[in-house]
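Student: Here's my sequence, what's the structure:
(one chain, ligands or ions: 1)
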Amino acid sequence: MTSFVTVESLEKTFSLQGGGNYVALKGIDLEIKQGEFISLIGHSGCGKSTLLNMVAGLDLPTDGVVMLQGEQILRPGPDKMVVFQNYSLLPWMTVRQNIALAVNNVMKDLSAVERNQIVEEHIDLVGLRHAVDKPPDQLSGGMKQRVAIARALATRPKLLLLDEPFGALDALTRGNLQEQLMKICEESHVTAVMVTHDVDEALLLSDRIVMLTNGPESKIGQIMEVDIPRPRKRMEVVNHPNYYSYRSEIIYFLNQQKQIKKLRARKTTAIARHGLEKINLEIGFVPLTAAAPLIIAKEKGFFTHHGLDEVNLVRESSWRGIQDGIAGKYLDAAQMPSGMPVWLTVGGLGEPLPVVSALTMTRNGNAITLDKRFFDKGITTLAELKRMLLESVDERHTFGVVHPASMHNLLLRYWLAAGGVDPDKDLTISTIPPAQMVAQLEAGNIDGYCIGEPWNIRASLDKIGYTIATDLEIWDGHPGKVLGVREDWANTYPNTHVALVKALLEACAYCANPENHPEVQAILSQPQYLDCEMDYIGLGDGSHSTCDIKGSPRENSHPQFFGAGVNRPSRTEHLWILTQLARWGDIPFPRNWVEILERICKVSVFSIASRELELEDVSYSRGPIQLFDGTTFTAEDPIGYLNHLKIKHDVYMADIPLKAPGILAA
Ligand SMILES: Nc1ncnc2c1ncn2[C@@H]1O[C@H](COP(=O)(O)OP(=O)(O)OP(=O)(O)O)[C@@H](O)[C@H]1O
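Tutor: As a prediction, the model looks like this:
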C-alpha cells in the first residue's frame, strides 16, 4: 500500500490543570491511501478528535509523527480542510461569500473568473443554488453544513477532515447529507478522515473503520475493511450480505470497551484472606442453562462457604467477550466452551496463551436445530439433510455456531462430515453470539444452528425450528462447559484455584439434584442471568421431552452437572478437541501435544478439590471416546487418526512453543 497519510508511533499527552499529565493516545500507527475514506470510531473521550486535530495540523503529537505525502504535518493549511460539527461559517456573509472567501484566500494563483467558476460549481455540488444569497441565520442546520462542506472542498484539499460533521442534524437531514458526501467523495476521489459515533454512518461512507480503545493511552483496537463495492447506495449497503456482521463487529468492539472500562474501574489489588491468595474474583459467564453452577455458587453461598467472599459474575453476551476478558486479564476465571482452553493455548488468538482447566462444569445439553421449513420438506435425518444440501448447491446454506472452539462447532462439523457433508464446501458455518441465534433463524439469515440450551428448546417452543439431532446422538457425555483460568493466574493463586473448584463442584451437585430444579430454574430465569421464562430452562426434569415442532418426540439433551466422572477434566477429551480444531484448519496440530495437554488439563487441582470435599470421583478412570459413527477415539495415535479422516482441511503439524510456566505479571 502506498501511504498518503502516515501516522507513526504517535503519542499525545496533555498537561492537566493542577498538575499531572493525561496520556490520551499512545502507540498509534496508521497508513491511509490516497482516495480512501477512513472513519474513526470509539467511545466519547477516547481521543478521536485529538487524533484528527493532529492529522489536520491543529495540534502536535507529544511523540511520533504524522506525515502527508512524506512531509511531516506541523501546522494547519489549505491542503487539509476541516469540517466541524458547528459549521464555523462567518455570520455576516452569504452562502456564496462564505465559499468565495476560502477560494479567494487559497487559490490566489487563479484568475478571478476561474475562482468564481469554482465557487459556482461547488454551490451546485451541494445543491444550494436557491440559497446563494442567504446568510447563515436564514439557513437550516443541514444547509449550513453543506456550505461548510462546499467551502472545504472548493479549495481542492488533499485531505478532507470531518469531526462529527452531521452530529447536530436531525435524522432525515443527516441521511441526505451522508449520501451527498458519499457521492462527492466518490466523484472527487478526495481522501477523507471522519470522526463519528454513528456505526451506520461509518459503514455507509468508509473504506476502513478505525476503532479506538478507551483511554487513558487509547490505541487502535481494530481496523475493519468495509468490503462493499462503490458507488454505494444506502439500501444496497444495508442489504449487503456482510453488513450485519460488520455492524455486529463494531457494536461488539464498543460494548467490549464499555465492559473493560467497568472492570478497570472496579479492578482492585488481590485481597488475601482465609489462607487464600485472592478472594475477590471477577468470573465471566454467558447466559446459558449451562452457566447454572456459577450462578448457583454465587446465589446459594458456595463461593463464600469456601472463602471466596467477593465474587462478581460478569455476564458476557458472546464467547469472544470471555476470550478477550481472560486474555486482557480483566477476568480471573470464566465459564468456557470446552475447546477454548486448548484453542487459546495453541494460539487461537495469534500468540499462544496457556489456559488451564481443572473442572468440567457440564456435559451434554446441546443440539442441532434447523429452520422449520426443512421439517415441512420432510428433512428429519442427516441423510435427508445431505440430499437437500447437495440438491440445492446454488442456494448457499448457513449454519450458526457460537465460537470456533465451542463443542457446538466441533460436534456439528463432526456430524455433518460423518454423513458425507463437507462443512466448509457444502455450506457456510458462521459465528453468531448465542442470544442472537433464534432471532437470526427467525429472520431467515441462517438455516440452522448447533448450540446449548435454552436456545434449542426455545426455537421449538416458539415453533421457529426443530431439533434434528441432539448431542446424545453424536457423543453422549461430551464435555460442554469448563472452568478456564490463565495458567499464570493458576500459578499465582493456587489455593484460590482449589477453593474455586470446590465451590463449583458443590454447586454442580446442587444443580444436579432434581429437588432443587424449580429453585435453580427460578434463579436462572432472573434478568441479571438468563432473563427468560422458566419454561425455556430444561434441567432434566422430564418437562421437555419433545423438542420438535410437529410433536414427534425427541429426547431433549439437558446439561449434566454432576455424577461419576462428569466433572473430572480429561486429557483424551482435550486431545480429541485438538484433532478436530486441526482437522478444520483452525490451528496446526501441535507436535508437542503431550506437553500441551499436560499444561492445560489440571487433573491434580481437581483431585485435591474433590478429595478435600470427600467425593469418590478421585479414582475415576475414563474409557475411550465413543462417537455415533462407530468411531472409537483413544489418545494413542492422534496423527494417524487425523490422516485417516476423509473429509478435512489440509492438516498442518507444528511445534507450538509455550513460554515456561510463570506467575501473573502485574
Ligand atoms: N487540552 C486538553 N487538556 C487536557 N485533556 C484533554 C485536552 N483535550 C482533550 N483532552 C482529553 O483527551 C481525551 C480525548 O479527547 P477527545 O476530544 O480527543 O475525545 P473524543 O474521542 O473526540 O471524544 P468525543 O467523542 O466526546 O468528542 C479526553 O479524555 C479529553 O478529556
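Student: And the helices in the stretch 451-600 of the chain?
Tutor: 455-461, 487-492, 494-512, 517-524, 571-583, 593-600 (DSSP state H, counting those that start in this stretch).
Student: So which elements touch the shortest one?
Tutor: Spelled out, that is helix 487-492. strand 355-360 (3 or more C-beta pairs under 8 Å, 6 or more residues apart in numbering; DSSP states H and E). Where you see a C-beta, it was placed from the backbone N, CA and C, and this is true even at glycine.
Student: Was I right to think Ile322 contacts Pro287?
Tutor: No. Ile322 lies out of contact with Pro287 (C-beta atoms under 8 Å); the separation is 11.8 Å.
Student: Settle it for me: which of these two has more neighbours?
Tutor: Between Ile322 and Pro287, counted using other C-beta atoms under 10 Å, Ile322 has the larger neighbour count: 22 against 19.
Student: The more buried one sits in which helix or strand?
Tutor: helix 319-327 (DSSP states H and E).
Student: Show me this protein divided up by domain.
Tutor: 5-237, 259-364+478-653, 366-470 (automatic domain parsing).
Student: Compile those into TSV and extend it with columns for distance to Gly662 and mean pLDDT.
Tutor: Shown next, in TSV, are the domains of the chain (distance: least, C-beta to C-beta, whole Å; pLDDT from 0 to 100):
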stretch	distance to Gly662	mean pLDDT
domain 5-237	24	91
domain 259-364+478-653	5	90
domain 366-470	24	90
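Student: can those domains go into JSON lines with extra columns for distance to Pro661?
Tutor: Formatted as JSON lines, the domains of the chain follow (distance: least, C-beta to C-beta, whole Å):
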{"stretch": "domain 5-237", "distance to Pro661": "29"}
{"stretch": "domain 259-364+478-653", "distance to Pro661": "6"}
{"stretch": "domain 366-470", "distance to Pro661": "22"}
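Student: and of the ones you listed, who's closest to Ser245?
Tutor: Between Ser245 and the domains of the chain, the tightest spacing by C-beta to C-beta is seen for domain 366-470, at 7.5 Å.
Student: And that closest one, how far out from the chain middle?
Tutor: 21 Å (C-alpha atoms, centre = their mean, to the nearest Å).
Student: Up against the ligand, what does this protein have?
Tutor: 14, 16, 22, 24, 42, 44-50, 215 (C-beta under 6 Å from any ligand atom).
Student: So of those residues, which two are at opposite extremes in space?
Tutor: Checking these with C-beta to C-beta, the most distant pair is Leu16 and Gly42, at 21.1 Å.
Student: quick one, which of those two is more surrounded?
Tutor: Taking other C-beta under 10 Å, Leu16 and Gly42 do not tie; Gly42 has more neighbours (24 against 9).
Student: just checking, that one touches Lys219?
Tutor: No. At 10.1 Å, Gly42 and Lys219 do not qualify as touching, with contact defined as C-beta under 8 Å.
Student: Residues that sit against both of those two, list them.
Tutor: Leu212, Thr213 (C-beta atoms under 8 Å, 6 or more residues apart in numbering).
Student: Kindly indicate which of the residues of the chain next to the ligand lies nearest Ala383.
Tutor: Gly42 (50.1 Å).
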